[in-house]
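K.L.:
Give me a model of this one.
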Amino acid sequence: MNKTPHIPIDPEVRNYMFQRDKYPCQSCGKTSQEANLSFDHMIPLSRGGKNDISNLQTLCLTCNQHKTDKIDHRFH
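P.N.:
Now for the predicted structure:
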């Protein structure tokens, strides 16, 4: 399987993503005041996931590091 290359997320897309997800971490619920929020590929690029908005979710840094390159079980 070929890995999709990682591309930076445009600031306008980042703002849209935070608004779409209503800002909290989609795993633990922490807000931007409680944790550093980032984006995660639900299906990791290393497992054939795409750089598409529908494959991104807001996660805090801790949850994102815990998930590593696993596929989010909620999106099987």
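K.L.:
C-alpha from now on. contacts and neighbour counts both.
P.N.:
OK.
K.L.:
which residues touch the closest residue to Pro24 other than its chain neighbours?
P.N.:
Nearest non-adjacent residue to Pro24, counting by CA to CA, 6 or more residues apart in numbering: Thr31, 4.4 Å away. Counting by CA atoms under 8 Å, 6 or more residues apart in numbering, Thr31 touches Tyr23, Pro24, Cys25, Leu37.
K.L.:
For the first one, which non-adjacent residue is closest in space?
P.N.:
If I follow you right, that is Tyr23. Nearest one to Tyr23, counting by CA to CA, 6+ apart, is Thr31 at 6.3 Å.
K.L.:
Could you report the separation of the one you found from Glu12?
P.N.:
20 Å (CA to CA, to the nearest Å).
K.L.:
ok, back up a step: kindly state the pLDDT recorded for the residue nearest to Pro24?
P.N.:
Thr31 is assigned 93 on the pLDDT scale.
K.L.:
would you say it is within a strand?
P.N.:
No. Using DSSP: H, G, I helix; E, B strand; the rest coil, the assignment for Thr31 is coil, not a strand.
K.L.:
Phi first, then psi, for it.
P.N.:
Per-residue torsions, Thr31: phi -100, psi 180 (degrees, to the nearest 10).
K.L.:
now Lys22
P.N.:
Note on Lys22: its backbone torsions stand at phi 60, psi 30 [degrees, to the nearest 10].
K.L.:
same deal with Gln19?
P.N.:
Dihedral pair for Gln19: phi -70, psi -40, per degrees, to the nearest 10.
K.L.:
circling back to that earlier point, mind checking which of the contacts of Thr31 land in strands?
P.N.:
If you go by DSSP state E, those have Leu37 in strands.
K.L.:
would you turn the contacts of Thr31 into CSV with distance to Ile71 and neighbour count?
P.N.:
Supplementary listing: those in CSV, determined by distance: CA to CA, whole Å; neighbours: other CA atoms under 10 Å:
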residue, distance to Ile71, neighbour count
Tyr23, 21, 18
Pro24, 20, 20
Cys25, 16, 26
Leu37, 19, 22
